[in-house]
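1. structural data only, the sequence is not supplied:
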């Protein structure tokens with residue numbers, strides 16, 4: 001067993017490496033540019049949402065409770081469309097530094113759980129490839145596999161979900177490489 005305190009360098013360094021890689025993947029490489037679409041007639045749609053008093057939250061439309069799901073009225077609304085969910089952020093400019101800070105904290109948390117699992121299953125001196133496998137699997141579960149839920153329940157297009165799944169694979173491999181490289185000998 002390797003104590004968590006002996007793995008603080010790979011925890012933090014893997015978080016930094018994933019943070020930098022994700023910045024490059026989202027801001028430099030072109031494949032995420034089509035992830036979001038503009039609303040048709042955006043100005044009018046936003047005016048209607050403002051007038052309706054829509055505040056921060058997650059909305060489902062047409063809204064129904066579990067017992068109403070099979071009602072003819074809901075079925076007709078769903079048939080007419082659109083059907084979906086909508087996430088509304090707080091009013092004002094997007095606070096990108098806050099989101100980036102939370103993303104970095106998430107990367108550290110993934111590193112901590114990866115370190116915990118690897119540290120409990122692998123002794124000091126374990127060869128690079130064995131550390132790579134355990135750390136990579138744990139990190140990929142956090143960064144990549146969890147993205148599938150967005151396609152299943154949040155209605156995100158599968159093309160977008162697969163891109164994030166691929167990103168998670170890259171982040172998992174980078175985390176695995178960092179842990180394998182810096183594993184205590």
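-> Arrived safely, thanks for sending. No experiment lies behind these values; they were computed from the predicted model shown.
2. please make it C-alpha for all contacts and neighbour counts, starting now.
-> Fine.
3. ok, and the closest non-adjacent residue to residue 165?
-> In space, residue 165 comes closest to residue 144 once its chain neighbours are excluded; the distance is 4.4 Å by C-alpha to C-alpha, 6 or more residues apart in numbering.
4. same thing with residue 168?
-> residue 144 (3.7 Å).
5. residues touching that neighbour, list them.
-> 164-169, 172 (C-alpha atoms under 8 Å, 6 or more residues apart in numbering).
6. between those, identify the one with the most neighbours.
-> The residue in the contacts of residue 144 with the most neighbours, by other C-alpha atoms under 10 Å, is residue 172 (28 neighbours).
7. state the distance from the residue nearest to residue 168 to residue 128.
-> Distance, residue 144 to residue 128, by C-alpha to C-alpha, to the nearest Å: 22 Å.
8. now do the nearest residue to residue 160 once chain neighbours are set aside against residue 159, distance only.
-> Closest residue in space to residue 160, ignoring its immediate chain neighbours: residue 35 at 5.8 Å, by C-alpha to C-alpha, 6+ apart. Separation of residue 35 from residue 159 (C-alpha to C-alpha) stands at 8 Å.
9. shared neighbours of the two, anything?
-> Common contacts of residue 35 and residue 159, defined by C-alpha under 8 Å, 6+ apart, are absent altogether.
10. hmm, what's the outermost residue in this structure?
-> Within the chain, the residue lying farthest from the chain centre (C-alpha atoms, centre = their mean) is residue 72, at 36.0 Å.
11. and the pLDDT for that residue?
-> Note for residue 72: predicted pLDDT of 94.
12. return the backbone torsion pair for it.
-> phi -60, psi -40 (degrees, to the nearest 10).
13. what's the neighbour count on the residue nearest to residue 57 when sequence neighbours are not counted?
-> Nearest non-adjacent residue to residue 57, counting by C-alpha to C-alpha, 6+ apart: residue 88, 5.3 Å away. Number of residues near residue 88 (other C-alpha under 10 Å) recorded here: 12.
14. so who does residue 88 touch?
-> Contacts for residue 88 (C-alpha under 8 Å, 6+ apart) come out as 54-59.
15. quickly note the distance from it to residue 131.
-> Relative to residue 131, and taking C-alpha to C-alpha, residue 88 is found at 41 Å.
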